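>>> Sequence first, predicted coordinates after that:
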Amino acid sequence: MEFQRDGGIARIFLNRPQKVNALDSALLDALADALRQVDQAVRVVVLGGRGNAFCAGADVNELRTLNPQTAREFIGRVHVACDAVRKLAVPVVARLHGAVIGAGLELAAACDLRVAARGTRFAMPEVRLGIPSVVEAALLPRLIGSGRTAWLVLTGEAIDAERAQQWGLVESVADDVDRAVSQVTDSLLAGDRAALSAQKELLQAWEEQPLAASVAASIERFAQAYTIPRAKAAKEY
């Protein structure tokens, strides 16, 4: 795992390029540890992968060794890593290239925004390995709808970056992915950290809660914002 700090931006890279950044237990634990290093000085996190791909999914060599007990433990690690991304107090931008497969796609789905290099391929091929797509695959219907999710997880076939953008799986496709990511991070750095944190929480609440509860939470968050001096200045904006 590689962790870099550049001002208010933290960059975390899956760094197992010889295995196409396949997620084994050690890499998942290292990712969770790296996410714990994100402190109050960080305003944006970029999550990427070294080598030729973002992530080729769960490590098939470890999958072959699992039994019912260890399978539960392994998939629990996938969930812990994805959930840590969602629970970060700052926006997380996925920098995607090469292949984004299986658990790697679940990790990308857990991010707040996704930017893909042209030529990136996306797939959920677990059914071809005799297992279902699980844990944060449950985020996919919220991103792309139930029918498109069903197509991905039932057929196991890949889609390209352009179709992923059409479906709403990624927000941007670029020839120069680093430049595109920098444009997104610049936009995020222009926002107030506390307001972005509140907005991220609300986005997740809007996904998970009934409308009335989401509206009530929004009203409370809006009122709380006026306890922060910078927010009070908005009255003169």
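Ah, there it is.

>>> Just confirm residue 121 contacts residue 104, I think it does.
No. Contact between residue 121 and residue 104 fails when scored by CB atoms under 8 Å: they sit 10.9 Å apart. C-beta: built from backbone N, CA, C; applies to glycine.

>>> With neighbour numbers in mind, choose between the two.
Using other CB atoms under 10 Å as the criterion, residue 121 and residue 104 rank with residue 104 on top: 29 against 17.

>>> Now that the more buried one has come up, it's in contact with residue 27, right?
No. The pair residue 104 / residue 27 is not scored as a contact, 10.9 Å apart, by CB under 8 Å.

>>> Quickly list what's touching both of those two.
Among the neighbours of residue 104, those also in contact with residue 27 (CB atoms under 8 Å, 6 or more residues apart in numbering) are residue 21.

>>> And the chain, what are its domain boundaries?
Using automatic domain parsing, the domain ranges for the chain come out as 2-189, 193-236.

>>> tell me the most buried of those domains?
domain 2-189 (a mean of 18; mean count of other CB atoms under 10 Å).

>>> chain center to that domain, what's the gap?
5 Å (CA atoms, centre = their mean, to the nearest Å).

>>> Take that domain and give me the span from its first residue to its final residue.
Length of domain 2-189, first residue to last, CA to CA, to the nearest Å: 22 Å.

>>> Touching the helix ranked longest in the chain from outside, list them.
Taking DSSP state H as the criterion, the chain has its longest helix at helix 68-87. Among residues not part of helix 68-87, those counted as contacts by CB under 8 Å, 6+ apart are 23, 25, 28-29, 31-32, 35-36, 47, 58, 62-63, 66, 92, 103, 106-107, 109-111, 134-136, 204.

>>> Would you enumerate the residues in contact with the most centrally placed residue in the chain?
By CA atoms, centre = their mean, the chain has its centre lying nearest to residue 111, at 2.1 Å. By CB under 8 Å, 6+ apart, the contact list for residue 111 reads 47, 85, 92, 93, 94.

>>> out of those, which are inside helices?
Using DSSP H, those in helices are residue 85.

>>> Make a markdown table out of the contacts of residue 111 and add pLDDT and distance to residue 156.
Listed next are the contacts of residue 111 as a markdown table, based on pLDDT from 0 to 100; distance: CB to CB, whole Å:
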| residue | pLDDT | distance to residue 156 |
| --- | --- | --- |
| 47 | 98 | 24 |
| 85 | 98 | 24 |
| 92 | 98 | 27 |
| 93 | 98 | 27 |
| 94 | 98 | 21 |
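
>>> ok, which pair from the contacts of residue 111 is furthest apart?
85 and 93 (10.7 Å; CB to CB).

>>> Residue 68 versus residue 99, what's the distance?
Separation of residue 99 from residue 68 (CB to CB, to the nearest Å): 29 Å.

>>> Comparing the domains of the chain, which yields the minimum mean pLDDT?
Among the domains of the chain, domain 193-236 has the lowest mean pLDDT, at a mean of 84.

>>> quick one: that domain to chain centroid distance?
In terms of CA atoms, centre = their mean, the centre of domain 193-236 is found 21 Å from the chain centre.

>>> Surely residue 26 is within a helix?
Yes. Under DSSP: H, G, I helix; E, B strand; the rest coil, residue 26 falls within a helix.

>>> check contacts around it.
Contacts of residue 26 by CB under 8 Å, 6+ apart: none found.

>>> do residue 50 as well
Here residue 50 is in contact with 2, 13, 14, 15, 16, 17, 21 (CB under 8 Å, 6+ apart).

>>> ok, and the closest non-adjacent residue to residue 94?
Nearest residue to residue 94, sequence neighbours excluded (CB to CB, 6 or more residues apart in numbering): residue 111, at 3.9 Å.
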